[in-house]
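In: how would this look folded up:
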Amino acid sequence: MNELVSVEWLHKNLNLPDLVVIDASLKTTVNRNAANTSLETIPESRYFDLKNNFSKTNCSLPNTLPNQTQFETECQKLGIRQNSKIVVFDSFGIYSSPRVWWLFKAMGHQDISVLNGGLPAWIQKGFQTEIRTSKNYRLGNFKAMFQNKYVKNYQDIIDNQNTKIFTIVDARSEGRFNGSAPEPRKHLKSGHIPDSINLPYDEVLVDGKFKSTSELKKVFDQKCNDKKELVFSCGSGLTACIVMLANAVAFSKSRAVYDGSWTEWAERQNLKIDVL
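Out: Alright, predicted model coming up:
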């Protein structure tokens, strides 16, 4: 499947055999977009609870990749099967859905696409919606097969300080990257991992959708022209996946995310602020 599909394509193919549509909206972003204040969703979509069911449990770091067993079990509960063709969307247009695309890739499932423009684009076209409700599904036979090439850990980043095999692309805002704006986690200093480059995630988007392939290629040509492998980072591993997917669409085959991102780096480098 293509990395991105349009709302027109999805509307036409909703009854496609083996198609599973998943809603990856975050509760924290529902009120950021008026299109979803009533928990509207695409008909027959299944809610993918990224924060609670598809992040590592009992972990101090937010949005951490779950283990293979947890991911597999939760996918099966959603009725996802080995042969499922998945389309994922979110209520903000493009926000949390690329993280889910990356999760499935990291767990060995290739047949997944992101709905470009997400729910706002669907509503803008006048397509039917329904109110999201809790549902039980027939247990799927999904099997996860973790692919470690998609994930970089803290030690990988430390080692790269010497080897310089890859370039870290940081998706946070310019202010957070250069240390002039605060982090949302108030006990941590802002700043960046040494030798990383800044590509704020909103620079690959326009009107809640990804820019065209040619526009995205131009962005990456300007920022990432050293031909090294790219590793994507942000505050917690979420918006890094937006830039990673833009890269996958238009620039290179790099798919790796530093899952701990700035939160882990700043914690372990003791880049902390005394909070009264």
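In: CA atoms for contacts and neighbours, from now on please.
Out: Noted.
In: in the stretch 1-150 of the chain, which ranges drop under the pLDDT threshold?
Out: Residue ranges of the stretch 1-150 of the chain with pLDDT under 70: 28-38.
In: now the helices: where do they sit in it?
Out: Using DSSP state H, counting those that start in this stretch, the helices of the stretch 1-150 of the chain run over 7-12, 68-77, 97-106, 118-124.
In: Mind putting these into CSV with distance to Leu205 and mean neighbour count?
Out: Compiled in CSV, the helices of the stretch 1-150 of the chain are given as follows (distance: least, C-alpha to C-alpha, whole Å; neighbours: other C-alpha atoms under 10 Å):
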stretch, distance to Leu205, mean neighbour count
helix 7-12, 16, 14
helix 68-77, 29, 18
helix 97-106, 12, 24
helix 118-124, 12, 22
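In: The closest residue to Glu264 other than its chain neighbours - how many residues pack around it?
Out: Sequence neighbours aside, Leu61 is the residue nearest to Glu264 in space, at 6.9 Å (criterion: C-alpha to C-alpha, 6 or more residues apart in numbering). Leu61 has 18 neighbouring residues, counting by other C-alpha atoms under 10 Å.
In: And the one 4 residues further on, by the same measure?
Out: Counted with other C-alpha under 10 Å, the neighbours of Leu65 add up to 22.
In: going forward can the numbers begin at 541, since that is how I track them
Out: Fine by me, first position is 541 from now on; the one you just mentioned is Leu605.
In: got a list of what the most centrally placed residue in the chain touches?
Out: Centroid check for the chain by C-alpha atoms, centre = their mean gives Arg639 as the closest residue, at 1.8 Å. By C-alpha atoms under 8 Å, 6 or more residues apart in numbering, Arg639 lies in contact with 777-779, 781-782.
In: For Arg712, which of the helices of the stretch 541-690 of the chain is the nearest?
Out: Arg712 lies closest, by C-alpha to C-alpha, to one member of these: helix 637-646, at 14.9 Å.
In: what angle sits between that closest one and helix 608-617?
Out: Here the directions of helix 637-646 and helix 608-617 differ by 110 degrees (axes from the mean of the first three to the mean of the last three C-alpha atoms, to 10 degrees).
In: C-alpha coordinates for helix 637-646, PDB please?
Out: Provided in PDB are the C-alpha atoms of helix 637-646 (Å, rounded to 0.1, in the frame of the first residue of the first chain):
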ATOM      1  CA  SER A 637      -1.500   8.900  12.700                       C
ATOM      2  CA  PRO A 638       2.100   8.800  11.400                       C
ATOM      3  CA  ARG A 639       3.200   7.400  14.800                       C
ATOM      4  CA  VAL A 640       0.800   4.500  14.300                       C
ATOM      5  CA  TRP A 641       2.100   4.000  10.700                       C
ATOM      6  CA  TRP A 642       5.600   3.700  12.200                       C
ATOM      7  CA  LEU A 643       4.400   1.300  15.000                       C
ATOM      8  CA  PHE A 644       3.000  -1.200  12.500                       C
ATOM      9  CA  LYS A 645       6.100  -1.000  10.400                       C
ATOM     10  CA  ALA A 646       8.300  -1.600  13.500                       C
END
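In: circling back: would you confirm that the residue nearest to Glu804 contacts Asp799?
Out: No. Counting by C-alpha atoms under 8 Å, Leu601 stays clear of Asp799, with 9.2 Å between them.
In: which residues touch the closest residue to Asp761 other than its chain neighbours?
Out: Nearest residue to Asp761, sequence neighbours excluded (C-alpha to C-alpha, 6+ apart): Phe791, at 8.0 Å. By C-alpha under 8 Å, 6+ apart, the contact set of Phe791 is 756-757, 760-761.
In: how about those residues in a markdown table, adding pLDDT?
Out: A markdown table is the format used below for those (pLDDT from 0 to 100):
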| residue | pLDDT |
| --- | --- |
| Leu756 | 98 |
| Lys757 | 97 |
| Phe760 | 97 |
| Asp761 | 95 |
